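Q: what follows is a predicted protein model with its sequence.
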Amino acid sequence: MNPTLLKLREIVTDATLSPAQKARYLSLEAENMLPYPDLDSETAQAFHDGVLCDLVEGHAPYKPRYLLPDYEVVLRQGSAYLELDPPQSLDEAINCLMIAYHHVPSVTGMPVFIGHLDQLLLPFCDGVSDDGLYRRIKLFWRYLDRVLPDAFMHANIGPTDNRVARAIMRVDAELKQIAPNLTLLYDPEVTTDEVLRIATDNIVECSKPHVANHPLHAATFDARGYAIVSCYNALPLSGGAGTLVRLNLKEVAVRSKSVEDFLDTVLPHYMDLQFRMIDARMGFLFEQSNFFASFLVDEGWIDTDRFTAMFGIYGMAEAVNHLQDLQGRSGRYGLDAAANALGYRISEAMAARVEATPVKHAWRDRAMLHSQAGISIDTDVTPGVRIPYGTEPDPVSHVKALLPHHAFYPSGISEILTIDETIRSNPQALFTLCKGALASGFREFTANVAGNDLVRVTGYMIRLSDVEKFNNCEGSRTNTTGLGAEAAAVTGILERKPRVVGHELSPGYGQ
Amino acid sequence: MNSPRATVSKVLTFSCVDGPGNRLVVFLQGCNFACKTCHNPHTMGLCNDCGDCIPACHAGSLSMQAGRVVFYPSQCDQCDACLRACPIHANPMVQSMGVGDVLGILRDNLAFLDGITLSGGEATTQLKFVVALFGAIKADPALCHLTSMIDSNGYLAPSGWAKVLPVTDGVLLDIKAFDRRTHLSLTGVGNARVLEAARFLHAAGKLQELRFLVVPGHTDTATEAEALCAFVQRLGGVRIRLNAFQHHGVIGAARDWPAASRDSIEAIAARLREHGVAEVVTPAVYV
């Protein structure tokens, strides 16, 4: 048997994978037997050398990476294609959503966005008691975790204080499931302190939800809105992202002779190659895949014009430290003011170039800069603009060191603050930290509390107990545990003070 | 009038264990106790410029100038070898700070803070500075919403407390032991003034929290637990924090003492709750 068939047989006979997981890995192998979208030789070389990375999206993008349907459409008008009448009751609305999710693909094959759930369900809650609401949400949550077991699946709530948002946070803290992931959209003018306090108390309980700075995000998008999906990507609602290609800034820095050479020549060069790669992938998706000839478009769940391309970057810390070394400076990224200032300069330069570069097929004809949270196969490179694991300063200094970057990353800049367990006796401290970070201009606030079984691995959630089980070869019911286990073993993420970090996609079998 | 300055060992912008919410903590150098169980022993003494630390510094951050030990922070890699070399538990890396310096740090971190706690060392050994700083915070419209608290061993006399209480929102008070001889052996001083301070502060409505360090073989006895319960009952309601003796930072003989276990702490907590103490806080982590 040739190596390809051997690998397929290895997948088919793997004792730790379910049939569905096997089918998914087989499909990835099949897709990657096709030739890659056309790349010029220079871009292909940068891709081969690991300066550019496509996050293992696959050789033939036949669906957008992230899809953010406007579920309000299906709740309002039902679906002719799915033969669904408009729902009339809360039970029918939840049932309608449960059906809809199965028709929403993404890079992982499962939906990464399941709606602004409180806004979607509130119109159906008249006459439903608090207890009735709580019991329905609990069953709904159990269904989501068991049937769509992917930690990238993301629900949004807020910014208003309402019964559904409260019921969801109550259930989320109680069940402590990996899925769904959850973001509270926070607006100081609208969201009550009481709801924010429930959210930060939940973080102490289960490291969820993530809290997004709603006014900042809302100003980035338009009246049709946005959502936070997958591992903290902010994207246009009724659209999403066609692709996410990322640039390894560490590799760019080691190819530079000086800070000026980096900023003036080498970084712009590799950014241009990254745009070419984005163009190739978007071109295939929009011009050849026939994805958009879909009832999702016909019925108005999504709009072909609302898909951006995410311009990802990572390894800022290593890039800055390398450039500091070139200048004979000892200050390290995250800890030294001059090193941090160099980082802000790099972010600013990249933001300007992304803003100035047209991208075909993309929403507003532009890509969106994104501080990419990492992937399980990364070694010796820190996600996005984060401060390297184990060297982070205290949480307040940490927030202040990263704050100036936040203005430059409209499609998301996830940073995970690890908070030591003593906060359990004093949850007010986490509330103040969260509120302070958002008031200072943080686009999003994400924290892990040490000692929680449920922790973030670069953006998605895993259970530490599942990682242990997976490593003992028992397999796992959820698709992201494999990634988490791999990330933990390869990148040392569990060394993060006091725990975690990590990332996002399914890199394929045995990688 | 000279504005008082403080000798500062360390400043933290994030602490969730020194009072309610997130607090700026300023550790003032110098202590009037000599606790065997101290986890910051290098905050006890005040530098006498003997220079013993200079050869211990591999980074070249310390030097002798005009008879004074001088510290250059830019070279320091925080190896703390100087602290280990110091014969009097002092710290050559201390900074001198004025009231304005601390107000500046508060303003820089305002969005993240619920308040400030002065700790140590023993903060009240620099009482003039404490009074001046807290007075300035209360007088500043942008800062006066912050709570100002003191973490203390309680050795300050009532006349001293009377000076600082008008500008203080609360005191986190440690009682190291109720038995006088045990207190003397653990700290080098008796406990009469500490117990008096606890009663005085409680009567003034400023006793934020009473802390009791459980040291196996010393303060985990039935007698100590009974005395703690009786003292708290006579006092009326107060929040009790039980701390577990651990080895982190400890030097000298106490390093060989066993650390307090979760079980022993929980047993004392249960007894306090049986005696009607509503708020008993136990450690979130045992290491």
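A: On my side now, so go ahead. Numbers count the residues shown, from 1 in each chain, chains lettered A, B, ... in the order given.
Q: give the buried residues for stretch B:49-64.
A: B:51, B:53, B:54, B:56, B:57, B:61, B:62 (16 or more other C-beta atoms under 10 Å in any protein chain shown). Backbone N, C-alpha and C define where each C-beta goes, glycine included.
Q: okay, the nearest residue to residue B:55 once chain neighbours are set aside: pLDDT?
A: Ranked by C-beta to C-beta, 6 or more residues apart in numbering or on different chains and with sequence neighbours excluded, the top spatial neighbour of residue B:55 is residue B:85, at 7.7 Å. According to the per-residue confidence, residue B:85 scores 94 in pLDDT.
Q: what is the most widely separated pair among the buried residues of stretch B:49-64?
A: The largest separation in the buried residues of stretch B:49-64, counting by C-beta to C-beta, is between B:51 and B:61 at 13.6 Å.
Q: spell out which residues of the stretch 1-150 of chain B are next to chain A.
A: For the stretch 1-150 of chain B, the residues found near chain A under the criterion C-beta under 8 Å from any C-beta of the partner chain are B:12-17, B:20-23, B:109, B:111-114.
Q: and those, which two are furthest apart?
A: Within these, two members stand farthest from each other by C-beta to C-beta: B:17 and B:111, at 20.6 Å.
Q: neighbour count winner among these two?
A: The residue with more neighbours, out of residue B:17 and residue B:111, is residue B:17; 20 against 17, by other C-beta atoms under 10 Å in any protein chain shown.
Q: ok, and the closest non-adjacent residue to the more buried one?
A: Closest residue in space to residue B:17, ignoring its immediate chain neighbours: residue A:422 at 5.0 Å, by C-beta to C-beta, 6+ apart.
Q: let me see the contact set for that neighbour.
A: Applying C-beta atoms under 8 Å, 6 or more residues apart in numbering or on different chains to residue A:422 gives the contacts B:16, B:17, B:283, B:284, B:285.
Q: how does it look with 7 Å?
A: B:16, B:17, B:284, B:285 (C-beta atoms under 7 Å, 6 or more residues apart in numbering or on different chains).
Q: then stretch A:425-432 to PDB, C-alphas only?
A: This file holds the C-alpha atoms of stretch A:425-432, laid out as PDB (Å, rounded to 0.1, in the frame of the first residue of the first chain):
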ATOM      1  CA  SER A 425     -12.200  34.700  47.600                       C
ATOM      2  CA  ASN A 426     -12.500  38.200  46.100                       C
ATOM      3  CA  PRO A 427     -14.400  38.100  42.700                       C
ATOM      4  CA  GLN A 428     -14.900  41.900  43.000                       C
ATOM      5  CA  ALA A 429     -11.300  42.200  41.900                       C
ATOM      6  CA  LEU A 430     -12.000  40.400  38.600                       C
ATOM      7  CA  PHE A 431     -15.000  42.600  38.000                       C
ATOM      8  CA  THR A 432     -12.900  45.800  38.500                       C
END
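Q: tell me which element residue 134 falls in.
A: The chain I'm using is chain A. helix A:130-147 (DSSP states H and E).
Q: oops, I was thinking of chain B
A: Following DSSP H and E, the helix or strand that holds residue B:134 is helix B:127-139.
Q: what about whichever helix or strand comes after that helix, distance to the chain center?
A: Using DSSP H and E, the helix or strand that follows helix B:127-139 towards the C-terminus is strand B:147-152. Distance, stretch centre to chain centre, for strand B:147-152: 9 Å (C-alpha atoms, centre = their mean, to the nearest Å).
Q: and strand B:147-152, what does it pack against?
A: Under the contact criterion of 3 or more C-beta pairs under 7 Å, 6 or more residues apart in numbering or on different chains; DSSP states H and E, strand B:147-152 touches strand B:115-120, helix B:127-139, strand B:170-175.
Q: so which of those is the most packed in?
A: The densest packing among the helices and strands packed on strand B:147-152, expressed as mean neighbour count by mean count of other C-beta atoms under 10 Å in any protein chain shown, is seen in strand B:115-120 with a mean of 26.
Q: ok, and what's touching that strand?
A: Strand B:115-120 has contacts (C-beta under 7 Å, 6+ apart) with B:18-19, B:21, B:23-28, B:31, B:43, B:106, B:130, B:137, B:146-151.
Q: what's the average pLDDT for that strand?
A: Over the span of strand B:115-120, the pLDDT mean works out to 96.
Q: export that strand as CSV, just CAs?
A: Coordinates of each C-alpha in strand B:115-120 appear next as CSV, following Å, rounded to 0.1, in the frame of the first residue of the first chain:
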residue,chain,number,x,y,z
GLY,B,115,-8.6,51.0,46.6
ILE,B,116,-5.2,51.1,48.1
THR,B,117,-3.7,49.0,50.9
LEU,B,118,-0.5,49.9,52.8
SER,B,119,1.2,46.8,53.9
GLY,B,120,4.8,46.0,54.9
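Q: chain center to that strand, what's the gap?
A: Mean C-alpha position of strand B:115-120 versus that of the full chain (C-alpha atoms, centre = their mean) differs by 8 Å.
Q: just stretch B:18-31 next, same as before
A: Between the centre of stretch B:18-31 and the centre of its host chain there is 7 Å, according to C-alpha atoms, centre = their mean.
Q: got the buried residues for that stretch?
A: The neighbour-count check on stretch B:18-31 (16+ other C-beta under 10 Å) flags B:18-31 as buried.
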